[in-house]
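Participant: Requesting a structural model of the entry that follows:
(one chain, ligands or ions: 1)
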Amino acid sequence: MASGRDEARKLAAEYFRQLGEAGEAEVYMPSGEMRTRLEGRASPVASQSGTSPEPSAATAPSRTDARAAAPGVPGGGSAPAPPKTPDAPEVEIIRVKLAFSSEATTSDMFAKSTGLEACTTLEEVEARTVGCQNCELAGGRTNVVFGAGNPNARLMFVGEAPGRDEDIQGIPFVGRAGQLLNKILEAAEIERDDVYIANIIKCRPPNNRTPLTNEIEACIPYLGRQVALIAPKVICTLGLPATQTLLGIRGSMGSMRGKMYVEGDVKVIPTYHPAAALRDPKYKRPIWDDFQLIKREYDSA
Ligand code: SF4
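Facilitator: Predicted coordinates:
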């Protein structure tokens with residue numbers, strides 16, 4: 001059976017391989033201590049270690065080593081050390097009134113009374129979405145995709161809308177973008193089962209088009225109640241519609257990411273939607289930078 005160290009190295013090797021395939025020329029290690037050049041599209045790990053398909057000790061991320069040595073991790077060795085939180089890039093902290101906050105005083109869409117306040121569990125809220133006809137997207141759905149994950153999550157991800165695979169399975173982020181998100185979570189050492197994942201829209205828009213404003217307005221009370229019940233400390237918005245909706249501001253992803261929006265002890269960290277990285281690998285770097293920040297805030301939440 002593979003040891004925890006072997007498993008960590010396998011994950012790192014897979015991550016490097018993907019970066020190499022994506023045409024990345026360099027890898028910035030999560031610790032910020034090392035920068036490794038990748039040689040073309042060949043496996044960067046193999047190119048550094050000669051014949052070994054795994055990263056050498058010098059190139060493996062130090063946090064995976066820390067994890068392997070942590071108490072309770074199989075193969076952890078005899079010198080337990082706490083898992084190391086990666087150094088996150090410095091970010092601008094912006095104090096805001098978040099759009100979904102109970103203190104929001106604007107006439108934003110979250111402030112509408114929908115009767116969902118009476119729902120005291122996620123199951124009750126989900127039951128209200130089954131058969132929902134509040135917008136025209138009801139006509140094209142196979143399933144309502146309510147959300148999934150830990151109902152007591154400290155970290156919540158909010159994306160845009162279900163795609164084809166999500167519509168069929170009724171589960172968010174199970175298609176290609178979801179698989180990439182899983183890999184990013186693994187690399188960041190965040191368990192998917194520990195977080196909660198939802199979208200601003202619960203039914204699939206035709207041809208995966210961007211949700212319309214009236215559709216978002218019709219659906220957002222469900223997300224508002226989800227956030228209120230889960231009460232996450234860190235919310236990562238994935239992509240422009242989710243970021244603009246939750247922050248209640250307009251702007252490009254490039255201008256809004258790399259910052260942390262804070263109200264009280266709730267932090268919103270925007271990043272690109274994983275689908276953007278599938279379309280263009282240039283988004284992988286900023287997504288990874290943002291996930292270092294997410295990991296840091298999650299660990300300290
Ligand atoms: S997208 Fe939301 S508001 Fe529209 S039908 Fe589906 S659950 Fe209802």
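Participant: how about the strands of the protein, start to end?
Facilitator: Ranges of strands in the chain, per DSSP state E, are 26-28, 35-37, 92-95, 148-149, 155-159, 196-199, 234-238, 259-263, 266-271.
Participant: What is the burial count for the closest residue to Tyr261 other than its chain neighbours?
Facilitator: Closest residue in space to Tyr261, ignoring its immediate chain neighbours: Val268 at 4.3 Å, by C-beta to C-beta, 6 or more residues apart in numbering. Any C-beta I mention is one placed from the backbone N, CA and C, and that applies to glycine too. By other C-beta atoms under 10 Å, the residues close to Val268 number 26.
Participant: Hmm, Leu238 and Val268 touching each other?
Facilitator: No: in this structure, Val268 is not within contact of Leu238 by C-beta atoms under 8 Å, at 11.6 Å.
Participant: Now tabulate the strands of the chain in a markdown table and tack on mean pLDDT and distance to Thr121.
Facilitator: Listed next are the strands of the chain as a markdown table, based on pLDDT from 0 to 100; distance: least, C-beta to C-beta, whole Å:
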| stretch | mean pLDDT | distance to Thr121 |
| --- | --- | --- |
| strand 26-28 | 41 | 42 |
| strand 35-37 | 37 | 47 |
| strand 92-95 | 94 | 31 |
| strand 148-149 | 98 | 14 |
| strand 155-159 | 98 | 16 |
| strand 196-199 | 98 | 14 |
| strand 234-238 | 98 | 20 |
| strand 259-263 | 96 | 25 |
| strand 266-271 | 97 | 21 |
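Participant: Turn the ones you listed into TSV, including distance to Lys284.
Facilitator: Putting the strands of the chain into TSV (distance: least, C-beta to C-beta, whole Å) gives the following:
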stretch	distance to Lys284
strand 26-28	10
strand 35-37	15
strand 92-95	22
strand 148-149	24
strand 155-159	17
strand 196-199	20
strand 234-238	14
strand 259-263	19
strand 266-271	11
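Participant: The ligand is nearest to which of those strands?
Facilitator: Nearest to the ligand, of all the strands of the chain, is strand 196-199, at 9.2 Å by C-beta to the nearest ligand atom.
Participant: low pLDDT regions in the chain?
Facilitator: Within the chain, the stretches with pLDDT under 70 are 1-89, 102-113.
Participant: Quick one: the helices in the stretch 51-200 of the chain, in order.
Facilitator: Taking DSSP state H, counting those that start in this stretch, the helices of the stretch 51-200 of the chain run over residues 62-68, 122-129, 164-169, 176-187.
Participant: Flag every residue of the chain that's near the ligand.
Facilitator: Within the chain, the positions near the ligand by C-beta under 6 Å from any ligand atom are 129, 132-135, 137-138, 144, 201-203, 215, 218-219.
Participant: neighbour-wise, which of those residues leads?
Facilitator: Busiest of the residues of the chain next to the ligand [other C-beta under 10 Å] is Lys202, holding 29 neighbours.
Participant: residues near the residue lying closest to Gly149 once chain neighbours are set aside, how many?
Facilitator: Among residues not flanking Gly149 along the chain, Tyr196 sits closest, at 3.6 Å (C-beta to C-beta, 6+ apart). Look at Tyr196: counted by other C-beta under 10 Å, it has 26 neighbours.
Participant: Tell me, how many residues neighbour the nearest residue to Thr210 once chain neighbours are set aside?
Facilitator: Distances taken as C-beta to C-beta, 6+ apart put Pro241 closest to Thr210, at 6.1 Å, once the chain neighbours are dropped. If you count neighbours by other C-beta under 10 Å, Pro241 ends up with 21.
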